[in-house]
Every structure is written in structure tokens, then in C-alpha cells.
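Q: Need a 3D model of the following:
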Amino acid sequence: MLSEILSDEGYDIVLAENAATARAARLSAKPDLVLLDIWMPDVDGVTLLKEWAANDLLKVPVIMMSGHGTIDTAVEAVKLGAMDFLEKPIALQKLLAAVRRGLQRQPSVRPRNAVSLASFPRSAPLKDLRRRLEQIADKARSLTLRTGAGTIAELCARTLQRPGSPWFDMASLSQPIDLPALESARGGILYVEDLAQLARAQQKNLAFALDRLDKYDLKIVCGSSRSQEELLADAWEAPMVKRLFEITLAPPSLTDLKDDVPEMATQVLVYLIEGGEVPPRRLSTAALNALRTKPWPGGFGELRAAVRSLALGTLEDEIGLDDVNRQLGRASNAAAQALPLDMPLREARESFERMYFEYHLQLESGNITRLADKTGLERTHLYRKLKQLGIPLGRRGDS
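A: Below you'll find the model as predicted:
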């Protein structure tokens, strides 16, 4: 019905009956506007919107539609990048007005070079690491980074991304990957932050992509906090593990690079400001020194989240030492507290788990989806665990 209405208004329409067809249509038709329903036969529209957002495919305006939508769903869709949300039954004039606004809107996504090792030319260890990565990438399409606490795997992967080429986070894809998806990523980077966090279906996606790297001119960069033997013990397929670990590199952690943390934080802040994600701010010398001395077990991702939180939570133009202590002190102090050793093992384990989940829950601003991804727990099990530990969750924890 919508197709007939819009066709009568002079628009060229491409129909997709499910998310799989929508992915292919998004690639081949290069639409000026997407009308995306929430309820679809295979994958819901919000999940597809998340997938497009994670892989930098929201280059066109997206209008969400639903007959069963809620305020929370609409807010989540807009936060993910949708420009509007239409509730069914959709009034004709409201539909046409939304389409006109979408087609008139100027693209809000500007090509930007993401923060990479190239952003730190004055750091000798990062400069040396960059040369090693580029030397490997010149001869190989797959690289596994042996990482642990304080990982900079994303910085390494971003270093190998060609300007303007696609970036595809394999962990963001919960459905089977297909050839149109690989075509959309042609010439780009397929990235996995930590192999240990991939579910079985995502492991199959990785194997599917590994067999087609040459055809689509792709490179895969994976971080791994586990060894080959540990992955095999976790029922990973031996041929794929062997192939992934053919070429490996052990990059330094943020603990090893603590003297470079101030410049990293500064470059991240510049990137966020230029992208319009935070208001114009600057980091004081005292704030930078405080960031340098803090532990960063979550690595570069944790540092980036901290800088973003500081920029958004600070009222003055300059982010000072008090801002760092106020915004980040609670999590750091909790992580630094030693557990009493004179309690039964079960109680000690619960104390550690409570401290662990409270710490990461704060880092992810209460976002349960990201917390589940980071901890490798299924959402239902994670909810049960948090309830068992007595950790309260507000409504925003469901986002």
C-alpha cells in the first residue's frame, strides 16, 4: 500500500520483504531514503538499524515504522540514527511530509579518518608498531593480535583501514552473513575485538568471510585474549583457528603505553568534537596527568568512553582534575579496592563479581547490550546474574 501511494507521488520504490532482502537492496539500489519496519519475518528493524549504524552504513536518512511501537523503541531508534518514527496506521499527509523532510535533509555523515596509530607520530613505540602492522598487511589478509587487559586492538585495526573504506564489526552481526554484506564491505576491514566473545553463529560468519577475503579485497583483524589451545578447548573449529593464528602480533597494552595516554585522550577528544558528538572542550594538564596514571583494563575502548563521558559531563570549557576524579573516581576506586581474604570462597567470588559488574556497568552507562557483549554472557543470564548479586538496574539498562 505504501509502495502504491509513494509511486503515485512520483517516487521510485524498491520493496524488501525481510532484512536479508533489505541488506541486498540497500547495497544495490543505493536509495535516497529508507522506510524501515520494525516487525519483519527474520530480523527486526531495530536490529538491522543497529547493524547499519555499527558498520557505517547509515549514509541515507532512515524512517522507522511500526504498529506496535513504544516510546522507548522510538527513542532508541532515533539514538541509533533514525531521523523519524512513524506509528501505524500512518496518515497519508504525515507519511509524505516525513519523506519530503528526509529527501531534503543534507547528509550528516562527513568522511573522517578514525583515530589510529597514525594519529600519534611522536610516540616511538606506536610508530614502530605501525610499521610492523603495515609490513604484515602488505603480505597477509588476516592478522590476529594477541591481547589482554588494556588492549589497543581497535587502534591497530584502524591503522590498516584505507581512507574512506568500509569498517565491518563482525561482533555486531547476529544473523548469517551473506555475499551482499561482504560486497558492501569490499576493500575494507573486518574487525573482531576479541575472538573469545564470538558466539557460534558469529564464528560461522567469520569462517564464511575468511574463505572470501581475496574475492572481496578484504582484511580481517582479530584480537584474541585466548590462545589457540584455549579456543580449541572451547569447541572452535581447528582449521579456522589454525588459519587465524598463522600470523599473529602481540601489541603493547595501555599499561605499557601510559606515557602516551595523554596524547591519545587529546586526539580522541578532537575526533569527538569534530564529529559533533561532544561540545568543544579541552583537557587540562592536571586532567591529562590523572588519566595517565589510571589503570585502563578495558583498553582503548575504555579510554575513549571515559573521554566522551568527561566532555559531556563537564560544564566548563576546560576539563579539570576535579572532573576526572568526579566522573571516573568511583569506578577506579572500586576496581582498586582489595577483596578481604578472610571470607569463604563463595562470598569472595560474589564480592569480586559484584565489583566487576558494577565497574563495567558504569563504563557502559548502564547499557545491558554492550555489557553482555563485553562480558560474553547471554542477556537473560546476565540479568539473572545482576539480580542475584543485588545490582539495581533502571529502565535505561534495557537499551
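Q: Now do the helices in the stretch 201-350 of the chain.
A: 228-233, 238-244, 261-274, 285-293, 299-313, 321-336, 345-363 (DSSP state H, counting those that start in this stretch).
Q: Give me the residues contacting the second one.
A: Counting by CB atoms under 8 Å, 6 or more residues apart in numbering, helix 238-244 makes contact with 142, 144, 195, 203, 206-207, 210, 222, 224, 228, 231-232, all of which sit outside it. Any C-beta I mention is one placed from the backbone N, CA and C, and that applies to glycine too.
Q: from these, which ones fall inside strands?
A: With strands taken from DSSP state E, the overlap with the contacts of helix 238-244 comprises 142, 144, 222, 224.
Q: Take these and write them to a markdown table, including distance to Val115 and pLDDT.
A: A markdown table is the format used below for these (distance: CB to CB, whole Å; pLDDT from 0 to 100):
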| residue | distance to Val115 | pLDDT |
| --- | --- | --- |
| Ser142 | 23 | 96 |
| Thr144 | 22 | 96 |
| Cys222 | 20 | 96 |
| Ser224 | 22 | 92 |
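Q: pLDDT score assigned to Lys385?
A: Lys385 carries a pLDDT score of 84 in this model.
Q: which ones are touching it?
A: Neighbouring residues of Lys385 by CB under 8 Å, 6+ apart: 353, 357, 377.
Q: any idea which of the contacts of helix 238-244 has the most stuff around it?
A: Ranked by neighbour count (other CB atoms under 10 Å), the contacts of helix 238-244 have Leu195 at the top, with 27 neighbours.
Q: Does it touch Arg146 like I think?
A: No - in this structure, Leu195 is not within contact of Arg146 by CB atoms under 8 Å, at 10.5 Å.
Q: Quick check: neighbours shared by these two?
A: Ser224.
Q: that older thread, from the ones in strands among the contacts of helix 238-244, pick the one nearest Ile136.
A: When the ones in strands among the contacts of helix 238-244 are compared for distance to Ile136 (CB to CB), Ser142 wins out at 9.7 Å.
Q: And the buried ones among the contacts of Lys385, selectable in PyMOL?
A: Burial among the contacts of Lys385 is assessed by 16 or more other CB atoms under 10 Å; the matching PyMOL selection reads:
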select buried, resi 357+377
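Q: and the contacts of Lys385 as TSV, adding pLDDT and distance to Pro239?
A: Below are these laid out as TSV (pLDDT from 0 to 100; distance: CB to CB, whole Å):
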residue	pLDDT	distance to Pro239
Glu353	84	36
Phe357	84	36
Leu377	84	28
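Q: need the contacts of Lys385 in TSV with distance to Glu237, can you?
A: Shown next, in TSV, are the contacts of Lys385 (distance: CB to CB, whole Å):
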residue	distance to Glu237
Glu353	31
Phe357	31
Leu377	23
